[in-house]
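K.L.:
let's see this in three dimensions:
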Amino acid sequence: MDKQTHSFQAEVKQILHLVTHSLYSNKEIFLRELVSNASDACDKLRFEALDNNALFEDQPNLEIRVSFDAAARTVTISDNGIGLSAEEAIAHLGTIAKSGTREFMAKLEGDQKKDANLIGQFGVGFYSGFIVADRITVESRRAGLPAEQGVRWTSEGTGDFEVETITKPVRGTDVILHLREGEDEFLKTWRLKSVISKYSDHISLPILMRREEWDADKAEQVLKDEWEPVNKASALWTRSKSDITQDEYDSFYKQISYDTEAPLAFTHNRVEGRSEYTQLLYIPAKAPFDLWNRDKRGGVKLYVKRVFIMDDAEALMPVYLRFVKGVIDSADLPLNVSRELLQESRDVKAIREGSTKRVLSMLEALANSEDVSDKDKYARFWKDFGQVLKEGVGEDHANQERLVKLLRFASTHADEGVSFQDYVSRMKEGQEAIYYITADSLAAAKNSPQLEVFRKKGIEVLLLVDRVDEWMLSHLFEFEGKSLQSVAKGSVDLGQLQDEEEKKKAEEAAEAFKPMLEKLKAALEGKAKDVRVTTRLVDSPACIVVEEGDISGHLARMLKQAGQTAPVSQPTLEVNPDHALVRKLGDISQQDGDEARFKDLALVLFDQALLAEGGTLEDPSAYVKRVNALLLA
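P.N.:
Numbers count the residues shown, from 1 in each chain. Model prediction:
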């Protein structure tokens, strides 16, 4: 193939512009990315060679080489992995298929730090070479193709790249970086070694560099033709825990997750029994940008007998633990296992169950620790990942009891961190239920009229304000024998917490206001299914509740916002017989000729209760007119 010029995909042009003009923090990241790509290429060859051993040609030992030429001002990263054909070079180095490209660019454009660490998170690591190079040459040959079908790819990181056929006797890929002015620090052995040690020490392939020694005659360091490994070249998870330092664990986590912070917690175990495997699992310190994408595959890499099989093996971890990063190395699975087989394998099911339990044990250790720093870690975890963990209550019935104990809420007694155990320990004598309220925000929950009698009696109420809470509650009905009861559903029944005098007073009020309640019900026909006197209100004139089994107003609003149709159900209006406004309404109801005024006041009362509950008015303009008319009356 003669030399051909191709244009980059539009997204690549944007990324290259950002890389060459904006990324300046932590430039050394380019070496991590290119070494990681080289390692992936070797893993792919090893995997494909399972079915075709001839792909190894005459080089069965896989390796990565890093070298530099000070005179030519180049740094070269070479591997003898799977390599690229000409078609693959054009496709893979000129376009981006990753769906995260748009988010990547938004992150860079919105972040003044322009952190180069971001580049690894979105599958665009090759282009990080342009942080330090003004030209990149890639020479490659795919395993199995003849030497004459090698390919050279060249670009200066602008709008185009060139591709031509070359003869390449050795399979694999050489990425040659032609350094920009001012990047000479990467033309030194010690500098490249330090970067490899920092980011790539745990790659299981040997990373080789030419040996450097002092030449007395020249009075300088010179490079020899001998190559020596500069990384440990052993899979971290296969080593004994006692031989691994905290720094090594943290470094490995950063390598596989592209995170800049150390993990919050990790667990490293060898499991033996019906299924034999090693697990090294991490909980990040902060939520990734795509945490809410339930379709995103998990963050666990699958190895079989130390042979890399696949990234993001979602079958190894439930969806609600999609934030977990790490490695699982199985001794039992076949090397040619596919994603489809993973879904059906009994061994995989055992690994998934065991790994899930191990992650939950990690979280329980933090949550139940007496150590202040551990408690602080769990509080940080909950702030970032709590909503995702709640998904497990409805999805993982086998571990529901353990998950429920890990839940944390705000309440009328504390703004955060309240567990069900905390709540039960503070329950009033005679209290039979765990009370909660759902709302759009913490402020709306705290100020809800439905809480007034509970606040008066000092009864704690959990304040549930996450979008997932309503769904979670459809799968959770009790805790340690105590039923969960919404304060905004059904008639308020405080059982033994309400004395006989209060009950008698409520019954008398209901009877005395019966004629007015009938008129109110008629005035609100089509809006409220019922109107009744309540004991739950202390300061407010009225509130809206729904009957047990009906959909709450909060859930109905969320469904509507999501473009879904919510079941139609009218709420019940409860009125406070001790409130002056309700008493005034009672007086008006007994007067002839004031029906219109009564109806206006009834509608204002209903709309105010709806607003207090977080709802929206069907006709805000009519509400404003009624309020203005009443103010002028």
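
K.L.:
alpha carbons only for contacts and neighbour counts from here, please
P.N.:
Fine.

K.L.:
any regions of the stretch 1-150 of the chain where pLDDT drops low?
P.N.:
The stretch 1-150 of the chain contains residues with pLDDT under 70 at 19-25, 95-124.

K.L.:
which helix or strand contains the closest residue to Ser155 other than its chain neighbours?
P.N.:
Closest residue to Ser155 apart from its sequence neighbours, by C-alpha to C-alpha, 6 or more residues apart in numbering: Phe161 at 4.5 Å. Using DSSP states H and E, Phe161 sits within strand 160-166.

K.L.:
do a quick rundown of the helices in the stretch 1-150 of the chain.
P.N.:
Along the stretch 1-150 of the chain, the stretches classed as helices by DSSP state H, counting those that start in this stretch are 10-21, 29-48, 86-94, 101-110.

K.L.:
same question, the stretch 201-350 of the chain
P.N.:
Secondary structure of the stretch 201-350 of the chain (DSSP H, counting those that start in this stretch): helices located at 246-257, 339-344, 346-367.

K.L.:
contacts only, for Thr165.
P.N.:
Going by C-alpha atoms under 8 Å, 6 or more residues apart in numbering, Thr165 touches 1-3, 86, 148-152.

K.L.:
revised request: answer the last question for Asn576.
P.N.:
Neighbour list for Asn576: 533-535, 537-538, 540-542, 582 [criterion: C-alpha under 8 Å, 6+ apart].

K.L.:
got a ChimeraX select line for the buried ones in these?
P.N.:
The ChimeraX selection below is limited to those of the contacts of Asn576 classed as buried (16 or more other C-alpha atoms under 10 Å):
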select :533,534,535,537,538,540,541,542,582
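
K.L.:
from the contacts of Asn576, which land in helices?
P.N.:
Counted as lying in helices by DSSP state H, out of the contacts of Asn576, are Val582.

K.L.:
pick out the most distant pair among the contacts of Asn576.
P.N.:
Using C-alpha to C-alpha, the two most remote members of the contacts of Asn576 are Thr535 and Val582, lying 13.5 Å apart.

K.L.:
show the contacting residues for the closest residue to Arg583 other than its chain neighbours.
P.N.:
Leaving aside its chain neighbours, Arg583 sits nearest to Pro577 (6.7 Å; criterion: C-alpha to C-alpha, 6+ apart). When contacts are counted by C-alpha under 8 Å, 6+ apart, Pro577 touches 509, 513, 533-534, 541, 583.

K.L.:
7 Å - rerun?
P.N.:
509, 533, 583 (C-alpha atoms under 7 Å, 6 or more residues apart in numbering).

K.L.:
and the pLDDT at the second one?
P.N.:
Note on Val533: pLDDT of 88.

K.L.:
got it, and Val604?
P.N.:
We note a pLDDT of 91 for Val604 in this prediction.

K.L.:
how close does the nearest residue to it once chain neighbours are set aside get to Asp594?
P.N.:
Distance criterion C-alpha to C-alpha, 6+ apart; nearest residue to Val604, sequence neighbours excluded, is Tyr623 at 6.5 Å. Counting by C-alpha to C-alpha, to the nearest Å, the gap from Tyr623 to Asp594 is 19 Å.

K.L.:
what's the answer for Val337, then?
P.N.:
Val337 is 79 Å from Asp594, by C-alpha to C-alpha.

K.L.:
returning to that earlier point: tabulate the contacts of Thr165 (JSON lines), appending neighbour count.
P.N.:
Formatted as JSON lines, the contacts of Thr165 follow (neighbours: other C-alpha atoms under 10 Å):
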{"residue": "Met1", "neighbour count": "11"}
{"residue": "Asp2", "neighbour count": "8"}
{"residue": "Lys3", "neighbour count": "11"}
{"residue": "Ala86", "neighbour count": "20"}
{"residue": "Glu148", "neighbour count": "12"}
{"residue": "Gln149", "neighbour count": "19"}
{"residue": "Gly150", "neighbour count": "26"}
{"residue": "Val151", "neighbour count": "28"}
{"residue": "Arg152", "neighbour count": "24"}
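
K.L.:
tell me which residue is most central in the chain.
P.N.:
Nearest to the mean C-alpha position of the chain, counting by C-alpha atoms, centre = their mean, stands Leu291 at 2.0 Å.

K.L.:
give me the phi and psi for the residue nearest to that residue when sequence neighbours are not counted.
P.N.:
Distances taken as C-alpha to C-alpha, 6+ apart place Phe323 nearest to Leu291, at 6.8 Å, with adjacent residues excluded. For Phe323, the backbone dihedrals are phi -80, psi -10 (criterion: degrees, to the nearest 10).

K.L.:
and Arg352, what is it in contact with?
P.N.:
When contacts are counted by C-alpha under 7 Å, 6+ apart, Arg352 touches 316-317.

K.L.:
what score does Gly354 have for pLDDT?
P.N.:
In this model, Gly354 carries a pLDDT of 94.

K.L.:
what is the neighbour count of it?
P.N.:
By other C-alpha atoms under 10 Å, 17 other residues sit near Gly354.

K.L.:
same question, the one 3 residues further on
P.N.:
Number of residues near Lys357 (other C-alpha under 10 Å) recorded here: 14.

K.L.:
how close does it sit to Leu403?
P.N.:
Lys357 is 10 Å from Leu403, by C-alpha to C-alpha.

K.L.:
now do Ala443
P.N.:
Noted for Ala443: a distance of 27 Å to Leu403, by C-alpha to C-alpha.

K.L.:
contacting residues for the residue lying closest to Ser257 once chain neighbours are set aside?
P.N.:
Spatially, and ignoring its direct neighbours in sequence, Ser257 is nearest to Lys325 (6.7 Å; C-alpha to C-alpha, 6+ apart). Taking C-alpha under 7 Å, 6+ apart, we find Lys325 in contact with 257, 281-283, 299-300.

K.L.:
mind redoing it with 6 Å?
P.N.:
281-282, 299-300 (C-alpha atoms under 6 Å, 6 or more residues apart in numbering).

K.L.:
ok, so of the residues you listed, who is nearest Gly386?
P.N.:
Of all those, Gly386 sits closest to Tyr282, with 16.2 Å by C-alpha to C-alpha.

K.L.:
if I look at the nearest residue to that closest one once chain neighbours are set aside, what pLDDT would I see?
P.N.:
Setting aside the residues directly before and after it, Tyr282 is nearest to Phe266 in space (C-alpha to C-alpha, 6+ apart), at 4.3 Å. Looking at Phe266, its pLDDT stands at 96.

K.L.:
pretty sure Phe266 contacts Pro284?
P.N.:
No - the pair Phe266 / Pro284 is not scored as a contact, 8.9 Å apart, by C-alpha atoms under 6 Å.

K.L.:
of those two, which one has the most company?
P.N.:
Using other C-alpha under 10 Å as the criterion, Phe266 and Pro284 rank with Pro284 on top: 23 against 20.
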